[in-house]
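Engineer: no sequence for this one, just the structure:
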(Lines give C-alpha, C1' and ligand atoms only; values in the text may rest on other atoms or scores of the structure.)
Protein backbone atom coordinates (compact mmCIF):
# COMPACT_ATOMS: atom_id res chain seq x y z
CA UNK A 1 0.00 0.00 0.00
CA UNK A 2 1.76 3.14 -1.24
CA UNK A 3 -0.67 5.43 0.52
CA UNK A 4 -2.12 8.53 -1.11
CA UNK A 5 0.03 9.52 -4.06
CA UNK A 6 0.33 13.11 -5.18
CA UNK A 7 2.11 14.31 -8.29
CA UNK A 8 4.11 16.33 -8.97
CA UNK A 9 5.87 16.86 -5.65
CA UNK A 10 6.99 20.30 -6.72
CA UNK A 11 5.64 22.60 -9.39
CA UNK A 12 6.87 26.02 -10.40
CA UNK A 13 4.69 28.18 -12.61
CA UNK A 14 4.82 31.72 -13.89
CA UNK A 15 2.11 34.16 -12.94
CA UNK A 16 -0.91 33.65 -15.18
CA UNK A 17 -0.10 30.06 -16.11
CA UNK A 18 -2.22 27.02 -15.35
CA UNK A 19 -1.33 24.33 -12.82
CA UNK A 20 -2.86 20.86 -12.55
CA UNK A 21 -2.25 18.78 -9.46
CA UNK A 22 -2.96 15.06 -9.30
CA UNK A 23 -4.02 12.80 -6.49
CA UNK A 24 -4.39 9.03 -6.38
CA UNK A 25 -6.31 7.99 -3.25
CA UNK A 26 -5.82 4.73 -1.43
CA UNK A 27 -7.65 1.93 -3.22
CA UNK A 28 -11.04 1.30 -1.67
CA UNK A 29 -11.32 4.68 -0.02
CA UNK A 30 -14.56 6.45 -0.77
CA UNK A 31 -13.78 10.06 0.15
CA UNK A 32 -11.13 12.40 -1.24
CA UNK A 33 -10.27 15.75 0.29
CA UNK A 34 -8.16 18.65 -0.95
CA UNK A 35 -6.48 21.09 1.46
CA UNK A 36 -4.04 23.94 1.08
CA UNK A 37 -1.32 24.53 3.68
CA UNK A 38 0.62 27.74 4.25
CA UNK A 39 2.59 29.00 7.21
CA UNK A 40 0.27 31.99 7.63
CA UNK A 41 -3.15 30.33 7.13
CA UNK A 42 -2.35 26.79 8.23
CA UNK A 43 -4.50 24.04 6.74
CA UNK A 44 -7.41 25.34 4.68
CA UNK A 45 -10.14 23.08 3.40
CA UNK A 46 -10.76 23.39 -0.33
CA UNK A 47 -13.13 20.67 -1.47
CA UNK A 48 -14.12 17.05 -1.07
CA UNK A 49 -15.68 14.17 -2.97
CA UNK A 50 -17.49 11.12 -1.76
CA UNK A 51 -17.90 8.18 -4.14
CA UNK A 52 -16.60 10.51 -6.87
CA UNK A 53 -19.42 13.01 -6.36
CA UNK A 54 -18.53 16.56 -5.30
CA UNK A 55 -19.96 17.15 -1.83
CA UNK A 56 -18.56 20.41 -0.55
CA UNK A 57 -16.44 22.94 -2.44
CA UNK A 58 -17.02 25.81 -0.06
CA UNK A 59 -13.28 26.41 0.37
CA UNK A 60 -12.50 26.78 -3.30
CA UNK A 61 -11.77 30.22 -4.73
CA UNK A 62 -14.50 30.05 -7.34
CA UNK A 63 -13.04 31.96 -10.23
CA UNK A 64 -9.83 30.08 -10.85
CA UNK A 65 -9.93 26.81 -8.93
CA UNK A 66 -11.69 23.66 -10.03
CA UNK A 67 -11.52 20.04 -8.92
CA UNK A 68 -12.66 16.85 -10.53
CA UNK A 69 -12.79 13.16 -9.75
CA UNK A 70 -13.44 11.41 -13.05
CA UNK A 71 -12.93 7.94 -11.58
CA UNK A 72 -12.30 6.34 -8.20
CA UNK A 73 -8.56 6.15 -8.75
CA UNK A 74 -7.71 9.80 -9.19
CA UNK A 75 -8.69 13.38 -8.57
CA UNK A 76 -7.30 16.60 -10.02
CA UNK A 77 -7.11 20.15 -8.77
CA UNK A 78 -6.71 22.74 -11.49
CA UNK A 79 -5.71 26.33 -10.89
CA UNK A 80 -6.09 28.69 -13.80
CA UNK A 81 -4.19 31.94 -14.15
CA UNK A 82 -2.03 31.21 -11.09
CA UNK A 83 -1.14 34.09 -8.81
CA UNK A 84 1.73 34.41 -6.31
CA UNK A 85 -0.75 34.09 -3.44
CA UNK A 86 -1.62 30.60 -4.71
CA UNK A 87 1.84 29.45 -3.63
CA UNK A 88 1.32 26.77 -0.99
CA UNK A 89 1.52 23.06 -0.33
CA UNK A 90 -1.61 21.39 -1.69
CA UNK A 91 -2.57 18.27 0.21
CA UNK A 92 -4.85 15.46 -0.82
CA UNK A 93 -6.31 13.02 1.67
CA UNK A 94 -8.57 10.01 1.39
CA UNK A 95 -10.72 8.21 3.90
CA UNK A 96 -12.25 4.74 3.88
CA UNK A 97 -15.99 4.09 3.97
CA UNK A 98 -17.59 4.42 7.38
CA UNK A 99 -14.40 5.69 8.96
CA UNK A 100 -13.35 9.20 9.83
CA UNK A 101 -9.57 8.90 9.71
CA UNK A 102 -7.87 10.90 6.98
CA UNK A 103 -4.82 9.55 5.18
CA UNK A 104 -2.76 12.32 3.64
CA UNK A 105 -0.46 12.39 0.67
CA UNK A 106 2.95 14.02 0.80
CA UNK A 107 1.59 17.11 -0.94
CA UNK A 108 2.46 19.17 -3.99
CA UNK A 109 4.45 22.32 -3.33
CA UNK A 110 3.29 24.96 -5.80
CA UNK A 111 5.46 28.01 -6.32
CA UNK A 112 4.10 30.82 -8.48
CA UNK A 113 6.77 33.25 -9.57
CA UNK B 1 -17.33 30.25 11.17
CA UNK B 2 -16.30 26.89 12.57
CA UNK B 3 -12.97 27.24 14.32
CA UNK B 4 -10.43 25.15 16.15
CA UNK B 5 -8.08 26.83 18.62
CA UNK B 6 -4.92 25.15 19.83
CA UNK B 7 -2.60 25.99 22.68
CA UNK B 8 0.18 26.50 23.26
CA UNK B 9 1.34 27.64 19.84
CA UNK B 10 4.79 26.29 20.60
CA UNK B 11 6.36 24.22 23.34
CA UNK B 12 9.96 23.35 24.19
CA UNK B 13 10.69 20.40 26.43
CA UNK B 14 13.65 18.49 27.71
CA UNK B 15 13.72 14.86 26.72
CA UNK B 16 11.65 12.64 29.06
CA UNK B 17 9.36 15.50 30.13
CA UNK B 18 5.63 15.25 29.55
CA UNK B 19 3.64 17.48 27.21
CA UNK B 20 0.02 18.61 27.40
CA UNK B 21 -1.56 20.03 24.25
CA UNK B 22 -4.98 21.65 24.23
CA UNK B 23 -7.65 22.07 21.60
CA UNK B 24 -10.98 23.92 21.80
CA UNK B 25 -13.82 24.08 19.32
CA UNK B 26 -16.28 26.81 18.37
CA UNK B 27 -19.10 24.27 18.04
CA UNK B 28 -20.10 20.99 19.62
CA UNK B 29 -18.53 18.07 17.82
CA UNK B 30 -18.03 14.40 18.52
CA UNK B 31 -15.54 13.90 15.72
CA UNK B 32 -12.07 14.81 16.96
CA UNK B 33 -8.74 13.71 15.53
CA UNK B 34 -5.14 14.46 16.36
CA UNK B 35 -2.48 14.58 13.66
CA UNK B 36 1.29 14.89 13.61
CA UNK B 37 3.52 16.49 11.01
CA UNK B 38 7.29 16.51 10.90
CA UNK B 39 8.79 19.58 9.16
CA UNK B 40 8.39 18.99 5.44
CA UNK B 41 6.70 15.69 6.15
CA UNK B 42 3.34 14.06 5.64
CA UNK B 43 0.41 14.61 7.99
CA UNK B 44 -0.14 11.44 9.95
CA UNK B 45 -3.19 10.56 11.99
CA UNK B 46 -2.34 9.85 15.63
CA UNK B 47 -5.65 9.29 17.34
CA UNK B 48 -9.31 9.48 16.53
CA UNK B 49 -11.08 10.33 19.75
CA UNK B 50 -14.76 11.28 19.56
CA UNK B 51 -15.21 11.30 23.32
CA UNK B 52 -13.68 10.14 26.56
CA UNK B 53 -10.10 8.97 26.84
CA UNK B 54 -8.08 7.04 24.30
CA UNK B 55 -4.50 5.86 24.54
CA UNK B 56 -1.97 4.84 21.94
CA UNK B 57 1.47 4.10 23.28
CA UNK B 58 2.78 7.23 24.99
CA UNK B 59 -0.12 9.31 23.67
CA UNK B 60 -3.33 9.86 25.61
CA UNK B 61 -6.19 11.95 24.30
CA UNK B 62 -9.15 13.15 26.35
CA UNK B 63 -12.16 14.71 24.66
CA UNK B 64 -14.95 16.39 26.65
CA UNK B 65 -17.78 17.04 24.20
CA UNK B 66 -19.93 19.24 26.46
CA UNK B 67 -16.95 21.50 27.11
CA UNK B 68 -15.95 21.54 23.43
CA UNK B 69 -12.35 20.63 24.08
CA UNK B 70 -9.80 17.90 23.62
CA UNK B 71 -6.29 17.39 24.94
CA UNK B 72 -3.30 15.32 23.92
CA UNK B 73 -0.84 14.15 26.55
CA UNK B 74 2.58 12.96 25.46
CA UNK B 75 4.43 11.11 28.19
CA UNK B 76 8.20 10.67 28.43
CA UNK B 77 8.85 12.84 25.37
CA UNK B 78 11.56 11.85 22.93
CA UNK B 79 13.57 13.95 20.49
CA UNK B 80 11.77 12.22 17.64
CA UNK B 81 8.45 13.59 18.96
CA UNK B 82 9.47 17.02 17.70
CA UNK B 83 7.15 18.42 15.07
CA UNK B 84 3.71 19.99 14.78
CA UNK B 85 0.63 18.50 16.39
CA UNK B 86 -2.70 19.41 14.83
CA UNK B 87 -6.15 18.94 16.20
CA UNK B 88 -9.11 18.59 13.85
CA UNK B 89 -12.87 18.40 14.16
CA UNK B 90 -15.48 17.19 11.77
CA UNK B 91 -18.72 19.16 11.90
CA UNK B 92 -21.90 17.73 10.47
CA UNK B 93 -20.83 18.81 7.01
CA UNK B 94 -18.11 16.13 7.01
CA UNK B 95 -15.60 18.84 6.22
CA UNK B 96 -12.66 18.31 8.57
CA UNK B 97 -11.49 21.61 10.05
CA UNK B 98 -7.96 21.90 11.45
CA UNK B 99 -6.42 24.02 14.16
CA UNK B 100 -3.22 25.96 13.57
CA UNK B 101 -1.17 23.45 15.50
CA UNK B 102 1.27 23.25 18.39
CA UNK B 103 4.92 23.18 17.42
CA UNK B 104 6.79 20.88 19.80
CA UNK B 105 10.55 20.84 20.17
CA UNK B 106 12.14 18.21 22.38
CA UNK B 107 15.72 18.91 23.35
CA UNK B 108 18.35 16.38 24.47
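Structural biologist: Sure, I can see it. Everything numeric in this text was worked out from a predicted model, so none of it was measured. Residues are numbered from 1 along each chain as shown, chains lettered A, B, ... in the order given.

Engineer: average pLDDT for the host helix or strand of residue B:71?
Structural biologist: Using DSSP states H and E, residue B:71 falls within strand B:69-74. Throughout strand B:69-74, pLDDT has a mean value of 96.

Engineer: With stretch A:86-99 instead?
Structural biologist: Stretch A:86-99 carries an average pLDDT of 92.

Engineer: Give me the buried positions along it.
Structural biologist: Buried residues in stretch A:86-99, counted by 16 or more other Cβ atoms under 10 Å in any protein chain shown: A:86, A:87, A:88, A:89, A:90, A:91, A:92, A:93, A:94, A:95. In short, each C-beta sits where N, CA and C put it, glycine included.

Engineer: Tell me how far the strand holding residue B:71 lies from the chain's centre.
Structural biologist: The chain centroid and the centroid of strand B:69-74 are separated by 6 Å, computed with Cα atoms, centre = their mean, to the nearest Å.

Engineer: what does stretch B:21-41 give?
Structural biologist: Distance, stretch centre to chain centre, for stretch B:21-41: 4 Å (Cα atoms, centre = their mean).

Engineer: Can you give me the first-to-last residue distance of it?
Structural biologist: This stretch, stretch B:21-41, spans 20 Å end to end (Cα to Cα, to the nearest Å).

Engineer: Please tell me I have it right and residue B:14 contacts residue B:106.
Structural biologist: Yes. With contacts counted by Cβ atoms under 8 Å, residue B:14 reaches residue B:106, the gap being 7.5 Å.

Engineer: and the residue lying farthest from the centre of chain A, what are its phi and psi?
Structural biologist: Among residues of chain A, the one most distant from the C-alpha centroid is residue A:98; the distance is 21.5 Å, by Cα atoms, centre = their mean. Per-residue torsions, residue A:98: phi 60, psi 20 (degrees, to the nearest 10).

Engineer: Inside helices: which ones of the buried residues of stretch A:86-99?
Structural biologist: Among these, no member falls in helices (criterion: DSSP state H).

Engineer: Go through those residues and say which is closest to residue A:22.
Structural biologist: Closest to residue A:22 out of these is residue A:92 (8.5 Å), distances taken as Cβ to Cβ.

Engineer: check contacts around that closest one.
Structural biologist: By Cβ atoms under 8 Å, 6 or more residues apart in numbering or on different chains, residue A:92 lies in contact with A:4, A:6, A:21, A:23, A:25, A:32-35, A:75, A:77, A:104-105, A:107.
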